[in-house]
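> please work out how this folds:
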Amino acid sequence: MGAAKRSRRWLVPVTAVAMVAGVGAFGPMVADASPDLPRITAQELLARVQTAKVDGLSGTVTSSTDLGLPALPGMGGEDANQFLDLLTGDHTARVAFAGPDKARVSVLDHMAERVLTTDGKTAWVYDSAKREATKLALPAHPAKPEKAPKVAPEKQAYDPQAVAKQFLAAIDPSTKVEVSGTEKVAGRDAYKLRLVPKTDQTTVGSVTLAVDSKTWVPLQVTVLPRTGKDPAVQLGFSAVSFDVPAASTFAFTPPKGVKVTEKKLPAKALGKQTPPITPKSGKPGTPTKPSVPSDRPTVVGEGWNAVAVLRGNPTAGNPALDQLLAKAPTVQGSWGTGKILSTKMVNALITTDGRIFTGLVTPDALQAAAAKAPR
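Here you go, the predicted model:
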């Protein structure tokens, strides 16, 4: 497996937790005067958000992200750099969704376009800069939606409703939930539902969802870190329509001259967990490569304290990560020895036996999770 794929696999749990990406956030938006809406309790608003469902929507999503990730030149190839790009900076995407299996996301960046589109039977991934497209034939009987494969990170990274659900799932009795006011988002009246974790083990200070007052769909998600006043993540619509997109929206015809690769995704790839793996021994201080790679992270803990666990070798063939890990502090405990990589939002523990623990939690919380996780 190439270095780019290894590096991208290391970043998957970071995105999953940070959109956990999912992930993305936005730059400053011009807000109109706060609309005058009927009063609603936090419990009523939360219930409506959790049960909100629309047949389809389309619009423009803007994101701005500052997770405090360090600059990593030579991250391991174009694919890894593109994936990391989703976790930093400002981005704009045109999106369309219909039902549980139709989606189109077009990310506009640097005079180029990346497209993911699926009609439930076929998926296309297109990169205009590379002049390449991949056509995926999906199985006739897919698994449940939550177990469906993520053919590209953009699908959830630019869906405010999907991102909001990630944070709603973290609500537990220690979470303070309140209605903090109203605002205009994409020209629509919205309530602001604010979630404040009370645990001191998370790096999240608060999450505010701008909830549409008609459909109860989250229009914008803003994440503040425990330290600092600037959003780490802000993702939302700058324009939105709740009309169901036409079926032709999810079709794709590759431009002339584009290289097309066709693949068929086997049904067994959907929702199937990889068997447990036993890492090989390696030299002290060097994360080892497991005998069988696994792209599926497991999770230790719940709610705001959730930690994603992945097995793999994130540094092989990647000098930039080697240098970063060389400068990172070494920690040890009953779980073994490893290195801690810290940012203001996302922290990661990379152990010498080839495990990676990452989440929106403190370094101490990562080590506690490592002590509970099976080897």
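
> start to end distance for stretch 43-61?
The straight-line separation of the ends of stretch 43-61 (Cα to Cα, to the nearest Å) is 28 Å.

> which of the helices and strands in this protein ranks last by mean pLDDT?
One helix or strand of the chain scores below all others by mean pLDDT, DSSP states H and E: helix 3-18, with a mean of 37.

> quick one: low-confidence parts of the protein?
1-32, 68-88, 141-156, 266-296, 313-320 (pLDDT under 70).

> at 50 what do you get?
Scanning the chain for pLDDT under 50 picks out the ranges 1-31, 73-83, 143, 145-152, 269-294.

> just the helices from this protein, written as ranges.
Per DSSP state H, the chain carries helices over the ranges 3-18, 42-51, 78-85, 154-157, 160-168, 319-327, 363-372.

> for residue 237, which non-adjacent residue is spatially closest?
residue 186 (4.1 Å; Cβ to Cβ, 6 or more residues apart in numbering). Bear in mind the C-beta positions are built from the backbone N, C-alpha and C, glycine included.

> can you pull the buried residues of stretch 334-352?
335, 338-352 (16 or more other Cβ atoms under 10 Å).

> okay, now the domains of this protein?
The chain breaks down by automatic domain parsing into domains covering 24-267, 273-372.

> tell me the spacing between residue 116 and residue 106.
Using Cβ to Cβ, to the nearest Å, residue 116 is found at 8 Å from residue 106.

> so between those two, which is more surrounded?
residue 116 (24 against 19; other Cβ atoms under 10 Å).

> ok, back up a step: quick one: the residue nearest to residue 237 from residue 242, how far?
Per Cβ to Cβ, residue 186 is found 11 Å from residue 242.

> who has more neighbours, the two?
Neighbour count, other Cβ under 10 Å: between residue 186 and residue 242, residue 186 has more, with 20 against 15.

> ok, the more buried one - contacts?
Contacts for residue 186 (Cβ atoms under 8 Å, 6 or more residues apart in numbering) come out as 59, 219, 236, 237, 238, 239, 240.

> how about these in TSV, adding neighbour count and distance to residue 362?
Output for those, formatted as TSV (neighbours: other Cβ atoms under 10 Å; distance: Cβ to Cβ, whole Å):
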residue	neighbour count	distance to residue 362
59	19	36
219	28	31
236	27	28
237	26	32
238	17	34
239	13	38
240	21	36
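
> wait, which of these is closest to residue 45?
Nearest to residue 45 among these, counting by Cβ to Cβ, is residue 219 at 13.4 Å.

> and that closest one, how far is that from residue 35?
13 Å.

> find the residues that touch each one of these two.
With Cβ under 8 Å, 6+ apart, residue 219 and residue 35 have common neighbours residue 190.

> okay, now residue 226: neighbour count?
Residue 226 has 16 nearby residues by other Cβ under 10 Å.

> and for the closest residue to it other than its chain neighbours, the neighbour number?
Of all residues not flanking residue 226 in the chain, residue 205 sits nearest, at 4.3 Å (Cβ to Cβ, 6+ apart). A count of nearby residues for residue 205, using other Cβ under 10 Å, gives 17.

> what is the nearest of the buried residues of stretch 334-352 to residue 101?
Using Cβ to Cβ, the buried residues of stretch 334-352 come closest to residue 101 at residue 346, 30.3 Å.

> dihedrals phi and psi, the closest one?
Backbone geometry at residue 346, expressed as degrees, to the nearest 10, gives phi -100, psi 130.

> how near is it to residue 91?
18 Å.

> next: residue 356.
Residue 356 sits 25 Å away from residue 91, going by Cβ to Cβ.

> could you do residue 164 as well?
Separation of residue 164 from residue 91 (Cβ to Cβ): 18 Å.

> with neighbour numbers in mind, choose between those two.
Of the pair residue 164 and residue 91, residue 164 is the one with more neighbours under other Cβ under 10 Å, namely 26 against 23.

> give the contact list for the more buried one.
Contacts for residue 164 (Cβ under 8 Å, 6+ apart) come out as 49, 209, 218, 221.

> just send those back as JSON lines, with distance to residue 43 too.
Converted to JSON lines, those look like this (distance: Cβ to Cβ, whole Å):
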{"residue": "49", "distance to residue 43": "11"}
{"residue": "209", "distance to residue 43": "15"}
{"residue": "218", "distance to residue 43": "17"}
{"residue": "221", "distance to residue 43": "20"}
